[in-house]
Every structure is written in C-alpha cells, then in structure tokens.
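>>> Here is the input, now give the coordinates:
(chains A and B)
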Amino acid sequence: AQSVTQLGSHVSVSEGALVLLRCNYSSSVPPYLFWYVQYPNQGLQLLLKYTSAATLVKGINGFEAEFKKSETSFHLTKPSAHMSDAAEYFCAVSENSGGYQKVTFGIGTKLQVIP
Amino acid sequence: DTGVSQDPRHKITKRGQNVTFRCDPISEHNRLYWYRQTLGQGPEFLTYFQNEAQLEKSRLLSDRFSAERPKGSFSTLEIQRTEQGDSAMYLCASSLAGGTAIYTGELFFGEGSRLTVL
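Have a look, this model is predicted:
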C-alpha cells in the first residue's frame, strides 16, 4: 500500500530564506507524486506534479521539487520565501487501484514565514 | 470557466441532525471524489464516482454516510444522525477520464464544506 510521510508538521522560515519541506513516499510501483497547497478555509491547489518525466519538477509560485528514487523522496523547495507562501502544504502519491488512480495524502506541513 | 463548487461552505448543526452537502464538478470531468479532512490531518479518501456509478467506498464511510451522483453531474453527500466526530472539512474533487490527468491522479478540488457538530 502506498503512503506518504511529511517530516515536520510546522516549519518556520524568515522572509527571503530557503524553503525546504520534506516528503518521503512508499509505493510498490513507480509513483506519481504531487504537492498541493491549502490556504486557510480553502480547498487544495496543485503546486506541481511528478509523472516520470524530468526528475526536477518546476511548479507555480517559484516552487520546485526533485524526485529521488534512491531516497524515495520528493522534497519541495523554494529559494526565497515570500509572506504569501504562508499556507499548509500536502505531499501526495497516486497509484493505480482498480482502474483509477488512488491518491493518498500526507498529514501536511504548515509553513510560517516570519517578516 | 468555473472550477469545482461546493455548497454550503459552512454548516453548524446539532448532534443527531442530518446534513447534506452538494458538489458541482468541473463540467467535462466524469470522475468525482469526496475526501474528509480533520484538523491537523491531510485529506482522507471517502468515495469515488465515475459518471453516476459509485465505484469505491472507504471504510471511513459508515452506514450514516451516503453519497449519490444521480445523473453523473453534481453529487451529494448526506450524513444522517450527525455525531461530534463528524466535524471536519468535506472536500470534493473531480478529474477527467482521458488525456493525461487521469493517468496521474491529478485532482481539482473545491473549496470545501466545513461541518461543525455541536
């Protein structure tokens, strides 16, 4: 069964500092991997996705993530944090289950950006 | 161009009452999903429809929960005899069978319906 582990339920960074949010996955087949962002009282919005093409994936708002099979990781980074990046971030993995892609989410990492 | 819409956005009810949530997916999407999200957790899968057929249900979906998608368009999620443990955000998502989205699992989410059971 697939699973996702997000290390650190809360991360604080200073404005302008590097953002690093960690995600490790477990999957019995080559996975599809996603990062979603959720602002307070809103639904989830896709940031970026890995679909077995390039291992370095670029997303919206300056975020990127690197798929490392040997480490079963898909960490999210951004070189310089902005105040508007404060939100909750979810890593997710999907694999085929009975004819559709079943998506499993991590517990989320809440990012705080300190001015 | 509209995304996934959910109604109501917020619902406060007393324990034991019934509540119903509605989800309107992106119009060309034929797959619809319901997730539940509690405080400090990621979304948890509840159920999935392809067109009007409900193809999978999580064990989280107790007998008090029922979901329908009668004409393969909008969907409703009803909770009967609500309990305090049902307090959560109920998220609807849709996807398209065909193209690249369905092969990856990319989901398009609504803004959610937050339920508070007193």
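
>>> Report the beta-bridge partners for A:L20.
Note on A:L20: beta-bridge partners by DSSP bridges are A:T77.

>>> what's the spacing between it and A:Q6?
When distances are taken as Cβ to Cβ, to the nearest Å, A:L20 and A:Q6 turn out to be 12 Å apart. Yep, even glycine has a C-beta here, placed from its N, CA and C like the rest.

>>> Neighbour count: these two, which is higher?
Between A:L20 and A:Q6, counted using other Cβ atoms under 10 Å in any protein chain shown, A:Q6 has the larger neighbour count: 22 against 12.

>>> And the residue of chain B closest to chain A?
B:G105 (2.8 Å; Cβ to the nearest Cβ).

>>> Can you check the pLDDT for that residue?
B:G105 carries a pLDDT value of 78.

>>> which phi and psi does it have?
Phi and psi for B:G105, reported as degrees, to the nearest 10, are phi 90, psi 10.

>>> same deal with A:G62?
Geometry field for A:G62 lists phi and psi as phi 80, psi 10, criterion degrees, to the nearest 10.

>>> Contacts made by stretch A:96-108 with the rest, please.
When contacts are defined by Cβ atoms under 8 Å, 6 or more residues apart in numbering or on different chains, stretch A:96-108 is touched by residues A:2-6, A:9, A:23, A:29, A:32, A:34, A:36, A:38, A:88-95, B:31, B:40-45, B:48, B:50, B:55-56, B:102-105, B:107.

>>> If we go by neighbour counts, what in it is buried?
A:97, A:100-106, A:108 (16 or more other Cβ atoms under 10 Å in any protein chain shown).

>>> Next, format those residues as JSON lines and append secondary structure.
Putting the buried residues of stretch A:96-108 into JSON lines (DSSP: H, G, I helix; E, B strand; the rest coil) gives the following:
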{"residue": "A:S97", "secondary structure": "strand"}
{"residue": "A:Y100", "secondary structure": "strand"}
{"residue": "A:Q101", "secondary structure": "strand"}
{"residue": "A:K102", "secondary structure": "strand"}
{"residue": "A:V103", "secondary structure": "strand"}
{"residue": "A:T104", "secondary structure": "strand"}
{"residue": "A:F105", "secondary structure": "strand"}
{"residue": "A:G106", "secondary structure": "coil"}
{"residue": "A:G108", "secondary structure": "coil"}
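
>>> And those, which two are furthest apart?
Spanning the widest gap among the buried residues of stretch A:96-108 are A:Y100 and A:G108, at 23.5 Å by Cβ to Cβ.

>>> Redo the buried residues of stretch A:96-108 as TSV? Include pLDDT and distance to A:L56.
Listed next are the buried residues of stretch A:96-108 as TSV, based on pLDDT from 0 to 100; distance: Cβ to Cβ, whole Å:
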residue	pLDDT	distance to A:L56
A:S97	72	28
A:Y100	72	28
A:Q101	76	22
A:K102	82	26
A:V103	89	22
A:T104	91	23
A:F105	94	23
A:G106	95	20
A:G108	96	23
